[in-house]
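Undergrad: task: produce atomic coordinates for the following.
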Amino acid sequence: MQQEYPANIGQARTVMDYVQNRSHAEIMQIVRDAVAGGDVQLAFQPIVQAGNGHGIAFYEGLLRVLDPAGCVIPAREFMPFVETIDLGRDLDVAALQLGLDTLSQQPHIRLAINMSARSIGYGPWMACFQQAMAQHPRIGERLILEITEASAMLVPELAISFMREVQKFGVGFALDDFGAGNTSFRYLKDFQFDILKIDGQFIRNVARDPDNQVLTRALVSIAKQFEIFTVAEFVENREDAQWLAANGLDCLQGYYFGAPSLTPPWQAADDNTEAQRAFSA
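TA: Numbers count the residues shown, from 1 in each chain. Presented below is the predicted three-dimensional model:
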């Protein structure tokens, strides 16, 4: 899950201007047009190992929708309204297709893509997935599907059945926003998630907040009992990162390690290498 607030004052002003100058109906129509026209991209955020020098474990690919001018439409302006309609399902399909394309082009990375449990059984989503598995039989081993806790609890039996079928292709599953909803521990055992992403409300200021420390330790203990990998979301400073590493978190995600970027990190590294070569020449 990405952090929803802007990274800087300039971006905050851009977002405010965007919202103030467009009605809700206009934003929704722009989103529909963008999805239909393919004006969507993934922003990549690293998930790093808590130890070992914070090496990259995998990336999360976060869907970004662009307006006709190429500006990113703030997700909070439309995501709450598309969850229950076909547009939400089409956004999930777009994210999956972009994620699979990325994995096919970058054979050395793992990538997490978000989806709603409401997209389970959606024909276009399943067609996109099955086609990719047929063309690239091993690609599923590098794909992680993130489902929010609230979404998974809507249709737990259906979600469990879907996960079992997709896991046959080596796909991993992450339970996003763990601790924020009302997970039944009976279902948590049945789900067999590979990754639990601990909700950011427990992670912010955890090094200084005794309540968050107790809650985070409890969530980590639950994950370890079920032998599930843990990721802390919204890690924003060194102090919190050090506390989390010392208290058993496997991986960390947040602005301290990198904001979501429309420029893939591997492309940025290649660009820097080329620039250095040109300068040296």
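Undergrad: which element is residue 63 on?
TA: Assigned by DSSP states H and E, residue 63 belongs to strand 56-65.
Undergrad: sorry, slip of the keys, the one I care about is residue 26.
TA: Using DSSP H and E, residue 26 sits in helix 24-37.
Undergrad: could you point out which element follows that helix?
TA: Downstream of helix 24-37, the next assigned helix or strand under DSSP H and E is strand 40-49.
Undergrad: quick one: mean pLDDT for that following strand?
TA: Here strand 40-49 scores 97 as its mean pLDDT.
Undergrad: not counting its own residues, what contacts that strand?
TA: Contacts to strand 40-49, defined as CB atoms under 8 Å, 6 or more residues apart in numbering, come from residues 2, 34, 54-66, 91, 94-95, 98-99, 102, 112, 231, 250-253, 257-262, 264-265. Any C-beta I mention is one placed from the backbone N, CA and C, and that applies to glycine too.
Undergrad: quick one: the helix holding residue 26 to strand 56-65, angle?
TA: Here helix 24-37 runs at an angle of 120 degrees relative to strand 56-65 (axes from the mean of the first three to the mean of the last three CA atoms, to 10 degrees).
Undergrad: can you pull the contacts of residue 186?
TA: Contacts of residue 186 (CB under 8 Å, 6+ apart): none.
Undergrad: gap between it and residue 213?
TA: Per CB to CB, to the nearest Å, residue 186 is found 27 Å from residue 213.
Undergrad: residue 223 too?
TA: From residue 223 to residue 213 the distance is 16 Å (CB to CB).
Undergrad: more crowded one of those two?
TA: residue 223 (23 against 16; other CB atoms under 10 Å).
Undergrad: my guess is that one meets residue 231, correct?
TA: No. The criterion here is CB atoms under 8 Å, and residue 223 misses it with residue 231 at 9.7 Å.
Undergrad: distance from the chain centre to stretch 210-230, please.
TA: Relative to its parent chain, stretch 210-230 has a centroid offset of 20 Å by CA atoms, centre = their mean, to the nearest Å.
Undergrad: residues contacting it, please?
TA: 178-179, 185, 188-189, 192-198, 202-206, 232, 243-244, 247-251.
Undergrad: give me that answer again for 6 Å
TA: By CB atoms under 6 Å, 6 or more residues apart in numbering, the list of residues contacting stretch 210-230 from outside reads 179, 193, 195-196, 198, 202, 206, 248-250.
Undergrad: check which helices and strands the longest helix seen in the chain is in contact with.
TA: In the chain, with assignment by DSSP state H, the single longest helix is helix 86-105. Counting contacts by 3 or more CB pairs under 6 Å, 6 or more residues apart in numbering; DSSP states H and E, helix 86-105 packs against strand 111-114, helix 123-135.
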